[in-house]
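Visitor: the following comprises the amino acid sequence and a computationally predicted model.
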Amino acid sequence: MSLSRLNSLMKLAPKSTAARSLQMKPQRNLSALPESGPTGHFKTLAVSSPKPFVFHVELHRPSKFNAISKQMWLEIKECFDGLATNPDCRAIVLSAAGKHFTAGIDLNDMMNLGQTLSETDDYARKGVIMERVIKVYQDSISSLERCPKPVITAVHKACIGAGVDLITAADIRYCTEDAFFQVKEVDIGMAADVGTLQRLPKAVGSQSLARELCYTGRKFEAVEAHSSGLVSRLFPDKESLLTGALAVAELIASKSPVAVKTTKESLVYSLEHTNQEGLDHILLLNKLNLLSEDFAQAVAAQLTKDDKPVFAKL
């Protein structure tokens, strides 16, 4: 980059920062997504904003060990789709209330589905019902991956079945030292169908380990999850886990929302494409994004060692 270009950036940055300083004070209202708890907008999730531009989403069926019911499937998608476009959200922490992170899919819902299927004898129509149900569940889990805001999962104690689907769709995974994980679907006579088989091998970087876990349904403890790469940090207890996860979310939220959004988009795209396709993709994104005032402000702040830049909402 030329010296004249840097000088231009430095001149631009202070003006942009001053002009936006008042309007960029973080707001605690959820805008598109009202703050909620088990008796609020959502019935199975508790949503709050404990730090500027950081949202905390909590699975909230503690009496059921956060088993994922049909309502929770639907609310997870609604929640993350809402946060995806909420300008007050730049990073998300996903945790759970109660004794365990989640016991997996709510088997009572499976029994209800069986009752619905029994109402028709036609296999084609049974298949259509199943297709629709599975697609709803897949879209729920994928809403974490599609959300342009980084998602940090904070897992304590049990993370079973659909819980593994859920966390492997997130960006960053932390857990407590007493956490354990289990791909349980094989034990209830089915193959995992909402993301584990697609995402777990990439998360742990080992086809052998991923297939062993999926074929056997055995538990794997926090230490193994950490050594395999499923989680990147261990914490001694739930309190320190949440503190650590929120601190990282707050750090991410302090960065340029344009830069973070583009980084996640490129990382997700590159998982399924060649290196060259990934390079072509980021070229298309950055030929516009490098013209953003975020870039100008960030470069100027680095050069002048001034206070951290304040970025406009996105």
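Guide: Perfect, I can see it now. Numbering: from 1, shown residues only.

Visitor: quick one: low-confidence ranges for the chain?
Guide: The model of the chain has pLDDT under 70 over residues 1-40.

Visitor: what ranges do the strands span in it?
Guide: Here the chain has its strands, by DSSP state E, at 45-51, 54-59, 91-96, 151-155, 158-160, 172-176, 180-182, 219-221, 233-235.

Visitor: nearest to Ala296, out of these?
Guide: strand 91-96 (22.7 Å; Cβ to Cβ). For every residue, glycine as well, the C-beta is placed using N, CA and C.

Visitor: report the buried residues of stretch 92-100.
Guide: Within stretch 92-100, the residues scored as buried using 16 or more other Cβ atoms under 10 Å are 92-98, 100.

Visitor: got CSV for these, with distance to Ser256 too?
Guide: Converted to CSV, the buried residues of stretch 92-100 look like this (distance: Cβ to Cβ, whole Å):
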residue, distance to Ser256
Ile92, 17
Val93, 20
Leu94, 23
Ser95, 26
Ala96, 30
Ala97, 33
Gly98, 36
His100, 37
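
Visitor: quick revisit: got the strands of the chain as TSV, with distance to Val268 columns?
Guide: As requested, those are exported to TSV (distance: least, Cβ to Cβ, whole Å):
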stretch	distance to Val268
strand 45-51	23
strand 54-59	19
strand 91-96	15
strand 151-155	11
strand 158-160	22
strand 172-176	13
strand 180-182	22
strand 219-221	25
strand 233-235	21
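
Visitor: out of the ones you listed, the one nearest Pro309 is which?
Guide: Comparing the strands of the chain by Cβ to Cβ, strand 91-96 comes nearest, at 16.9 Å.

Visitor: please enumerate the helices of the stretch 101-250 of the chain.
Guide: Assigned by DSSP state H, counting those that start in this stretch, the stretch 101-250 of the chain shows helices spanning 107-117, 123-146, 162-168, 196-204, 207-216, 222-228, 238-253.

Visitor: so of those helices, which one's packed in deepest?
Guide: With neighbours defined as mean count of other Cβ atoms under 10 Å, the helices of the stretch 101-250 of the chain peak in mean count at helix 162-168, which reaches a mean of 27.

Visitor: just checking, what packs against that one?
Guide: When contacts are defined as 3 or more Cβ pairs under 8 Å, 6 or more residues apart in numbering; DSSP states H and E, helix 162-168 sits against helix 123-146, strand 151-155, strand 180-182, helix 196-204.

Visitor: reformat those as JSON lines; add distance to Gly278.
Guide: Putting these into JSON lines (distance: least, Cβ to Cβ, whole Å) gives the following:
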{"stretch": "helix 123-146", "distance to Gly278": "16"}
{"stretch": "strand 151-155", "distance to Gly278": "21"}
{"stretch": "strand 180-182", "distance to Gly278": "29"}
{"stretch": "helix 196-204", "distance to Gly278": "15"}
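
Visitor: ok, which of the ones you listed comes nearest Leu166?
Guide: Nearest to Leu166, of those and by Cβ to Cβ, is helix 123-146 at 5.9 Å.

Visitor: got the angle between that closest one and strand 151-155?
Guide: 100 degrees (axes from the mean of the first three to the mean of the last three Cα atoms, to 10 degrees).

Visitor: 819 is where my numbering starts, stick with that
Guide: Shifting the count to begin at 819 puts that one at helix 941-964.
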